[in-house]
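Trainee: have a look; sequence and predicted model below, questions after that.
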Amino acid sequence: MDTNRTAEVAIIGGTGVGQFPLDTGPEEVTVPTPWGETTVQIGTLRGRRTAFLARHGAGHRLPPHRIPFRANLAALKRLGVRAALATTAVGGLRADLRPGTLVLLDDFIDFTKNGRGTTFFDTPGQVVHTDFTAPYSAELRTGVQEAARNLNLSLRPGGTYLCADGPRYETPAEVRLFASWGADVVGMTGVPEATLAREAGIHYAGISLVTNPGAGLSPTPLTHAEVEEAMRAALPDLRSLLTETVAGLDAGTLPPVGPGVPLPGLEDARYG
């Protein structure tokens, strides 16, 4: 593969993070995979070869349940990515999680139901089970926390993310239920992205920004414009946090993660 079209780190931008300024480049590359094509931007960020992937596509055109998660993660794998930092806009399920709060995720609950393509290994004969005792990369989480300290940014060091299908927002009853299960925030895109990254042997960290209280916790109905506005307000801090994390990351020293099995159709991609 052309070394100008490889990257060791990826930033996956969610709602409100449809672009990310790299220090050099970026070059737009369309990567073919067995699950479709994905377009990413590749350049350098603080001396690290970095890929930026807009999860919802150019212009935020893909709703949560239409995102090609397998194509996205397979494309990053094909580019040589070893570490991915992913942003998500979320609703807060607890009173102390106010809009503007940054949460470094440490667990998740998968409440999706509509068949998003939750695994790369779904063909008879491909029986692969992946451990999720630690759902997010401990090494990347440490790096994000160190970056927040360096920047003197407030960051909640843990939180459980519940992923719902969307595109509708949750009902008040669902918000109460999710909170009773131990979830702290709710979103629509963090799963199966996190599980596919693990299957692909990519270290993955989820950084959520609380954009709104969950339904029933606010006196007013929620709008998508409100979510996007909250993300825009927090974007400078979020970009600084991601950039500082990349600057302190040596992806080449990360230990192998995942089941240790090549992805079907991508046997030529380097594992671990």
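Mentor: It's in.

Trainee: now do the strands in this structure.
Mentor: Along the chain, counting by DSSP state E, strands occupy 9-13, 24-33, 36-45, 48-54, 83-92, 102-104, 107-110, 160-163, 185-187, 203-213.

Trainee: who does the last one pair up with?
Mentor: Put plainly, it is strand 203-213. The pairing partners recorded for strand 203-213 under DSSP bridges are strand 83-92 (parallel), strand 102-104 (antiparallel).

Trainee: tell me the mean pLDDT over the last one?
Mentor: In this case it means strand 102-104. Average pLDDT, strand 102-104: 98.

Trainee: next one: the longest one
Mentor: Model confidence over strand 83-92 averages 97 on the pLDDT scale.

Trainee: just want the angle from it to strand 48-54.
Mentor: Note on geometry: by axes from the mean of the first three to the mean of the last three Cα atoms, to 10 degrees, strand 83-92 and strand 48-54 are set 40 degrees apart in direction.

Trainee: mind saving the C-alpha coords of strand 83-92 as CSV?
Mentor: Extracted C-alpha coordinates of strand 83-92, given in CSV (Å, rounded to 0.1, in the frame of the first residue of the first chain):
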residue,chain,number,x,y,z
ALA,A,83,-6.0,3.5,17.4
ALA,A,84,-9.3,5.3,16.9
LEU,A,85,-10.7,8.2,18.9
ALA,A,86,-14.4,8.6,18.4
THR,A,87,-16.7,11.5,19.3
THR,A,88,-20.4,11.2,20.0
ALA,A,89,-23.2,13.6,20.9
VAL,A,90,-25.3,12.2,23.7
GLY,A,91,-28.2,12.9,26.0
GLY,A,92,-27.5,13.0,29.7
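
Trainee: from the chain's centroid, how far away is it?
Mentor: Relative to the chain's own centre, strand 83-92 is displaced by 5 Å; criterion: Cα atoms, centre = their mean, to the nearest Å.

Trainee: related to what we said a few turns ago, can you lay out the strands of the chain as TSV showing mean neighbour count and distance to Glu193?
Mentor: Glycine gets a C-beta too; all of them are placed from N, C-alpha and C. What follows is these, written out as TSV (neighbours: other Cβ atoms under 10 Å; distance: least, Cβ to Cβ, whole Å):
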stretch	mean neighbour count	distance to Glu193
strand 9-13	26	7
strand 24-33	15	15
strand 36-45	19	13
strand 48-54	25	10
strand 83-92	27	6
strand 102-104	21	16
strand 107-110	18	10
strand 160-163	25	9
strand 185-187	27	10
strand 203-213	26	8
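
Trainee: may I see these organised as TSV, with distance to Gly258 added?
Mentor: Formatted as TSV, these follow (distance: least, Cβ to Cβ, whole Å):
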stretch	distance to Gly258
strand 9-13	16
strand 24-33	17
strand 36-45	19
strand 48-54	19
strand 83-92	13
strand 102-104	21
strand 107-110	16
strand 160-163	20
strand 185-187	23
strand 203-213	9
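
Trainee: thanks a lot, see you next time.
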